[in-house]
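Undergrad: one predicted model, sequence on top.
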Amino acid sequence: ETGVTQTPRHLVMGMTNKKSLKCEQHLGHNAMYWYKQSAKKPLELMFVYNFKEQTENNSVPSRFSPECPNSSHLFLHLHTLQPEDSALYLCASSPLPGGNNEQFFGPGTRLTVL
Amino acid sequence: RKEVEQDPGPFNVPEGATVAFNCTYSNSASQSFFWYRQDCRKEPKLLMSVYSSGNEDGRFTAQLNRASQYISLLIRDSKLSDSATYLCVVNSDRGSTLGRLYFGRGTQLTVWP
């Protein structure tokens, strides 16, 4: 596997379910990100991790809970989501954090909350 | 005010046409600028960085006007494969000591035969 991978690619869940999104990067990068992309809206940064430590939480509701066990893996745990949380969730990585570095994106998980 | 503003389009042009996209950004202290490309139902990928003096990569030319806080992308001799959404992206340190990327909504381009 190369680049950034994400699983599952599609997810449908009810508002009372608990699910997790997984991201893995094979690029040797130290920074990882979660973004949300809703229809007709720009990508919204959710979380930033640098060397496994969370460095940014962009005022994300607590029903989204990230986890970064090491520099290669990133999870997004979901619970009691709302229908408006339906979106494409993209994981990205970069050699170092900060906006000067190219970010490499995974294919995304398309989430539908019923 | 949004960090990055783009005309969403769509732009529909014939093969071989020249097309230009523009975007504006709100933080005058922004230091890095990029164009990303996102194909339908795919992830964004870096197309090119934008440098102060302007830069070219084949059929693509990017320009930066710091005084007007304006970025442009010119595509010459459009190909069918250029059909995609083009995202204007700006690095701003607003709210983040390390800087973070702010994405525009994207401009949708369709090149027809």
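TA: Done, it's in.
Undergrad: all strands of chain B, in order?
TA: B:4-6, B:11-14, B:19-25, B:32-38, B:44-50, B:55-57, B:60-65, B:70-75, B:84-92, B:100-103, B:107-112 (DSSP state E).
Undergrad: point me to the residue of chain A nearest chain B.
TA: A:Gly99 (2.8 Å; C-beta to the nearest C-beta). Placement of C-beta: from N, CA and C, glycine included.
Undergrad: gap between the residue lying closest to that residue once chain neighbours are set aside and A:Asn100?
TA: Once flanking residues are discounted, A:Gly99 sits nearest to B:Asn91: 2.8 Å by C-beta to C-beta, 6 or more residues apart in numbering or on different chains. Using C-beta to C-beta, to the nearest Å, we find B:Asn91 at a distance of 6 Å from A:Asn100.
Undergrad: anything in contact with each of these two?
TA: Taking C-beta atoms under 8 Å, 6 or more residues apart in numbering or on different chains as the contact rule, B:Asn91 and A:Asn100 both touch B:31-32, B:99.
Undergrad: filter the residues you listed to the buried ones?
TA: With burial judged by 16 or more other C-beta atoms under 10 Å in any protein chain shown, the buried subset of the shared contacts of B:Asn91 and A:Asn100 is B:32, B:99.
Undergrad: among the shared contacts of B:Asn91 and A:Asn100, which are within reach of chain A?
TA: Of the residues in the shared contacts of B:Asn91 and A:Asn100, proximity to chain A by C-beta under 8 Å from any C-beta of the partner chain holds for B:31-32, B:99.
Undergrad: tell me the one among those nearest to A:Gly14.
TA: Distances from A:Gly14 to these, taken as C-beta to C-beta, are shortest for B:Gly99 (38.2 Å).
Undergrad: can you tell me the SS state at the closest residue to the closest one other than its chain neighbours?
TA: Spatial nearest neighbour of B:Gly99, chain neighbours left out: A:Gly99 (3.7 Å); criterion: C-beta to C-beta, 6+ apart. Following DSSP: H, G, I helix; E, B strand; the rest coil, A:Gly99 is assigned to coil.
Undergrad: for A:Leu11, list the residues it contacts.
TA: A:19, A:21, A:109-112.
Undergrad: mind running it again at 6 Å?
TA: Taking C-beta atoms under 6 Å, 6 or more residues apart in numbering or on different chains as the contact definition, A:Leu11 lies against A:109, A:111.
Undergrad: for it, give the beta-bridge partners.
TA: Beta bridges link A:Leu11 to A:Leu111, judged by DSSP bridges.
Undergrad: helices of chain A, start to end?
TA: Counting by DSSP state H, chain A has no helices to list.
Undergrad: how close does the closest residue to B:Leu87 other than its chain neighbours get to A:Gln82?
TA: Distances taken as C-beta to C-beta, 6+ apart place B:Tyr36 nearest to B:Leu87, at 4.2 Å, with adjacent residues excluded. B:Tyr36 sits 28 Å away from A:Gln82, going by C-beta to C-beta.
Undergrad: what do you get for A:Tyr33?
TA: 22 Å.
Undergrad: which of those two has more neighbours?
TA: A:Tyr33 (25 against 10; other C-beta atoms under 10 Å in any protein chain shown).
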